[in-house]
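> sequence? don't have it. structure:
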């Protein structure tokens, strides 16, 4: 089935540094969603990208979908301690008999040192 | 903001016992899901439920698992005879329109199941 690979597994940054996590697939993705999971918490939806080359911003967060729709990235500018958590990419299966099953990447655990 | 509610937050059970995990999805949502996350690992799909029946299930969702929507509001996951490897965080999620939407899936806070 569809697999999404996410790197890096861990990222430790000093507060104020930038952070990027990458999501890759060997096949074309119909969409990509990004979720944040705080330590001990549940996944919280951040954004969905659908179009080739799409770029969306949410304050300090920038999300990109590759031109070939096989990769995506999440970039955080000037990290804050509140950014701590695990960031997951996920594809929602669509079409045919699929009812929106999410296939998650392995996640990137972000630690921010004050 | 509407929430998906899960109970209990923690459940400890003896191996071989049955457990029922409960979820109240967002009231106008039509698609319901169970996912699980073993500690430190990624979130894994278990089952999707639409129009009062299972629409898709993963290899994890074997005969020991079942789901129900008994009364139009609750959505339950039953594990008939728990195994040690069932220990995980179980998340319920709901969605208004399945995959074709821009606002993602809403996850509940999860039930941490520990099988001893």
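Great, that's in hand. The model shown is predicted, which means the values in this text are computed figures rather than measured ones.

> close to chain A, is stretch B:74-91?
Yes - Stretch B:74-91 comes into contact with chain A when judged by Cβ under 8 Å from any Cβ of the partner chain, the residues involved being residue B:91. (C-beta placed from N, C-alpha, C; glycine too.)

> Apart from its chain neighbours, what residue comes closest to residue A:76?
The shortest distance from residue A:76 to any non-neighbouring residue, by Cβ to Cβ, 6 or more residues apart in numbering or on different chains, is to residue A:19 (4.5 Å).

> wait, doesn't residue B:83 sit right on residue B:116?
No - between residue B:83 and residue B:116 no contact is recorded; they are 11.3 Å apart, counting by Cβ atoms under 8 Å.

> neighbours of the residue of chain A found nearest chain B, just the number please.
When you check chain A against chain B by Cβ to the nearest Cβ, the closest residue turns out to be residue A:45, at 2.8 Å. If you count neighbours by other Cβ atoms under 10 Å in any protein chain shown, residue A:45 ends up with 18.

> wait, what's in contact with the nearest residue to it once chain neighbours are set aside?
Of all residues beyond its chain neighbours, the one nearest residue A:45 is residue B:104 (2.8 Å), with distances taken as Cβ to Cβ, 6+ apart. Contacts were defined as Cβ atoms under 8 Å, 6 or more residues apart in numbering or on different chains; by that measure residue B:104 touches A:33, A:35, A:45, A:46, A:47, A:48, B:95.

> Sort out which of those are in helices and list them.
Counting by DSSP state H, these place none of their members in helices.

> gap between residue B:109 and chain A?
Per Cβ to the nearest Cβ, to the nearest Å, residue B:109 is found 5 Å from chain A.

> Within the helices and strands, which one has the nearest residue to residue B:12 once chain neighbours are set aside?
The spatially closest residue to residue B:12, leaving aside those adjacent along the chain, is residue B:114, at 4.7 Å (Cβ to Cβ, 6+ apart). Residue B:114 is part of strand B:111-115, with elements assigned from DSSP states H and E.

> Now do that strand, average pLDDT.
Confidence over strand B:111-115 (mean pLDDT, whole number) is 98.

> Now do the SS call for the residue nearest to residue A:45.
Using DSSP: H, G, I helix; E, B strand; the rest coil as the criterion, the local structure at residue B:104 reads coil.

> What residue in chain B comes nearest to chain A?
Closest residue of chain B to chain A, Cβ to the nearest Cβ: residue B:104 (2.8 Å).

> what does chain B put close to chain A?
If contacts are counted using Cβ under 8 Å from any Cβ, the residues of chain B sitting beside chain A are B:31, B:33, B:35, B:41-45, B:48, B:50, B:55-56, B:58, B:91, B:93, B:95, B:97-110.

> buried subset of those residues?
For these, burial is judged from neighbour counts taken by 16 or more other Cβ atoms under 10 Å in any protein chain shown, and it is met by B:31, B:33, B:35, B:42-45, B:48, B:50, B:55-56, B:58, B:91, B:93, B:95, B:98-99, B:101, B:104-110.

> Which of those residues fall in helices?
Cross-referencing those against helices under DSSP H gives no overlap.

> So which of these are in strands?
B:31, B:33, B:35, B:44-45, B:48, B:50, B:55-56, B:91, B:93, B:95, B:106-107 (DSSP state E).

> ok, and what's touching the least confident helix or strand in chain A by mean pLDDT?
Least confident helix or strand of chain A, by mean pLDDT, DSSP states H and E, is strand A:102-104 with a mean of 91. Among residues not part of strand A:102-104, those counted as contacts by Cβ under 8 Å, 6+ apart are A:1-4, A:33, A:35, A:88-93, B:33, B:35, B:42-45, B:93, B:105.
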